[in-house]
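Novice: Need a 3D model of the following:
(one chain, ligands or ions: 1)
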Amino acid sequence: MTRRKLIAGNWKMNGDLASLAELGGIAIAAQNAPGIDVAIAVPATLIAPAIAAAPGLSIGAQDVHWSAKGAHTGCISVAMIAEAKAEFSIIGHSERRADNGETDAQVKSKAEALHAGGLDAILCVGETLDERDAGQAVAVVTGQLAASVPEGAAADWLSIAYEPVWAIGTGRTPTVSDVAAMHEAIRTKLRELIGAEADAMRLLYGGSVTGDNATELLGASDVDGALVGGASLTAAKFVPIVEAGARL
Ligand SMILES: O=C[C@H](O)COP(=O)(O)O
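Specialist: Modelled structure (predicted):
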């Protein structure tokens, strides 16, 4: 099955109004790559200004709360990011799991809340280095999927990002065959969970993706795109990744 590639950036807790100038070059690269999707998840305060700065570029959030509203100090709801015109949110990023103790059950509720609000979700999974060294990587990742992918999830609103925790921001990446093996395991698990819809669902790889390794990583079997952190902060670093995705 042909799946449209998605190259998504995650600015994490970086960026300010001045850095939105980077989105101009990224938006042009996206326009020049009509065969793929390009998106950037910015800090919540930058969602509306990012959309104003780069109309037509898909802008999203990096997290949402699962509740519609209420006593959740510091959190942001799906309706709030939707009002700012975000199209999607990342959920379950390993940094949120580590910093905020997020559980798979919460991630599942966030996915359901996004879908109910008409927004897309990029759900992150991934193992730590200790888990990989212990031979538990596949078990950890498939366990995260089993506990966080909503019943009946569909490819038109949910994508999965496999991000080995040890590859994030470290300059280390798994081998292409390790990435392909994990993505195959993810797809197999998704078939168990959501049936044939699994074959339409995009599986992104994330962790130290750069313009230098994007062609190799994006070319791995069952890799349908990338979730890019550090290299998404500037057009100079992100555009080559978009171009690599468009060439495949
Ligand atoms: O969400 C993005 C990932 O955590 C990857 O970050 P990185 O490209 O800086 O390694």
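
Novice: Leaving aside the residues adjacent along the chain, what's closest to whichever residue of the chain sits closest to the ligand?
Specialist: Residue of the chain nearest the ligand, by C-beta to the nearest ligand atom: Gly229 (2.3 Å). All C-beta spots, glycine's among them, are computed from the backbone N, C-alpha and C. Of all residues not flanking Gly229 in the chain, Asn10 sits nearest, at 5.2 Å (C-beta to C-beta, 6 or more residues apart in numbering).

Novice: Please read off the pLDDT at that neighbour from the model.
Specialist: For Asn10, the pLDDT comes out at 98.

Novice: just Thr2 next, same as before
Specialist: 86.

Novice: now do the same end-to-end measure for stretch 208-228.
Specialist: End-to-end span of stretch 208-228 (C-alpha to C-alpha, to the nearest Å): 7 Å.

Novice: on that earlier part again, isn't the residue nearest to Gly229 right up against Ile91?
Specialist: No. Under the criterion of C-beta atoms under 8 Å, Asn10 is not in contact with Ile91, lying 11.7 Å apart.

Novice: which bits of the protein sit near the ligand?
Specialist: Residues of the chain found near the ligand, taking C-beta under 6 Å from any ligand atom as the criterion, are 10, 93, 163, 168-169, 206-209, 227-231.

Novice: just the helices in the chain please.
Specialist: 22-31, 47-53, 78-83, 94-100, 104-116, 129-133, 137-148, 176-194, 214-218, 235-247 (DSSP state H).

Novice: Out of these, which is closest to Arg202?
Specialist: Of all the helices of the chain, the one in closest proximity to Arg202, counting by C-beta to C-beta, is helix 176-194 (10.5 Å).

Novice: Could you check the closest one and say which residues are buried?
Specialist: By neighbour count on 16 or more other C-beta atoms under 10 Å, the buried set for helix 176-194 is 176, 179-183, 185-187, 189-190, 193-194.

Novice: ok so, going back, contacting residues for the residue of the chain closest to the ligand?
Specialist: For Gly229, the contact set (C-beta atoms under 8 Å, 6 or more residues apart in numbering) comprises 9-10, 12, 168-169, 206.

Novice: And it, how far from Ala161?
Specialist: From Gly229 over to Ala161 the distance is 11 Å, taken as C-beta to C-beta, to the nearest Å.

Novice: Would you agree Pro51 is in contact with Ala82?
Specialist: Slight slip there: residue 51 is Ile, not Pro. No. Ile51 is beyond contact range of Ala82, at 12.0 Å (criterion: C-beta under 8 Å).
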